[in-house]
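Asks: I'd like to go over a predicted model; first the sequence, then the structure.
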Amino acid sequence: MPRLVAPDARFHGSFIDSHSEWAGAMQDGTGLHDAADDILPADGFARWVDSLNAQEHTPRTPGHVTCTYRWIVEDDTYLGAISFRHDLTDYLENFGGHIGYGVRPSARRRGLANWALGQTIELARERAYPRVLVCCVDGNEASARTIVGQGGVLDDMRTDSRGVVFRRYWIPVTPA
Ligand SMILES: CC(C)(COP(=O)(O)OP(=O)(O)OC[C@H]1O[C@@H](n2cnc3c(N)ncnc32)[C@H](O)[C@@H]1OP(=O)(O)O)[C@@H](O)C(=O)NCCC(=O)NCCS
């Protein structure tokens, strides 16, 4: 059974295995591209984990928003990550959205992204959000299906300064 847990240094070995599976690709939902530490050594990994958990209450830097990071795990194995950004900056409103996620290649097509997005919508419900914005690059069929599977309704498509086209979906969050 998968579980959604706060980032925890005890998943170091498993996270590193996953890291090699990604083979340099952007690991959406992890916040890894912002990491100040080298995550390969255990002490750097532990510092990074602490910084992720701290962002629940304190933005990483001025101009960033607070963010809840959760990891998808099964027993002691790291399978993926999902992040819930509490507010929308200009960039997030146009291209990034509230929620980002990624599942390690060996764990894909098992329904994990769909499940984790549903769980994260529950976090939004607890915080009384009326709706959440979830975006994906046009052509990312797996992500688009994940969003639609959780009730996402396409709002529009917007092109960023690099010419990348993003599909923007709102997912309604009904009160509990
Ligand atoms: C997108 C991603 C998170 C999907 O994870 P996953 O756990 O494999 O997804 P699920 O098994 O929950 O499947 C969700 C939906 O996507 C579909 N899907 C999954 N992989 C697919 C693929 N390669 N091609 C087409 N559809 C795919 C599934 O059939 C399912 O749709 P359905 O419910 O209509 O049948 C995963 O492919 C990934 O990490 N990709 C790289 C990072 C990324 O793109 N993140 C999203 C950024 S917006």
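Replies: Yep, it's here. Numbers count the residues shown, from 1 in each chain.
Asks: what about the helices in this protein?
Replies: For the chain, helices defined by DSSP state H occupy the ranges 12-22, 42-54, 90-91, 112-126, 141-149.
Asks: which of these is buried the deepest?
Replies: Among the helices of the chain, helix 112-126 has the highest mean neighbour count (mean count of other Cβ atoms under 10 Å), at a mean of 19. (Glycine included, C-beta is placed from N, CA and C.)
Asks: What residues does the protein have near the ligand?
Replies: Taking Cβ under 6 Å from any ligand atom as the criterion, the neighbours of the ligand within the chain are 28, 100-103, 108-114, 136, 140-143, 145-146, 149.
Asks: how about the helices of the chain in JSON lines, adding distance to Arg70 and mean pLDDT?
Replies: Output for the helices of the chain, formatted as JSON lines (distance: least, Cβ to Cβ, whole Å; pLDDT from 0 to 100):
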{"stretch": "helix 12-22", "distance to Arg70": "14", "mean pLDDT": "97"}
{"stretch": "helix 42-54", "distance to Arg70": "10", "mean pLDDT": "97"}
{"stretch": "helix 90-91", "distance to Arg70": "22", "mean pLDDT": "97"}
{"stretch": "helix 112-126", "distance to Arg70": "7", "mean pLDDT": "98"}
{"stretch": "helix 141-149", "distance to Arg70": "15", "mean pLDDT": "98"}
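Asks: Dump these into CSV; add distance to Gly163 as well.
Replies: Formatted as CSV, the helices of the chain follow (distance: least, Cβ to Cβ, whole Å):
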stretch, distance to Gly163
helix 12-22, 24
helix 42-54, 31
helix 90-91, 16
helix 112-126, 26
helix 141-149, 19
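Asks: so how far is the first residue of stretch 18-28 from its last?
Replies: Length of stretch 18-28, first residue to last, Cα to Cα, to the nearest Å: 13 Å.
Asks: residues making contact with that stretch?
Replies: 33, 39, 78-81, 100-102, 104-106 (Cβ atoms under 8 Å, 6 or more residues apart in numbering).
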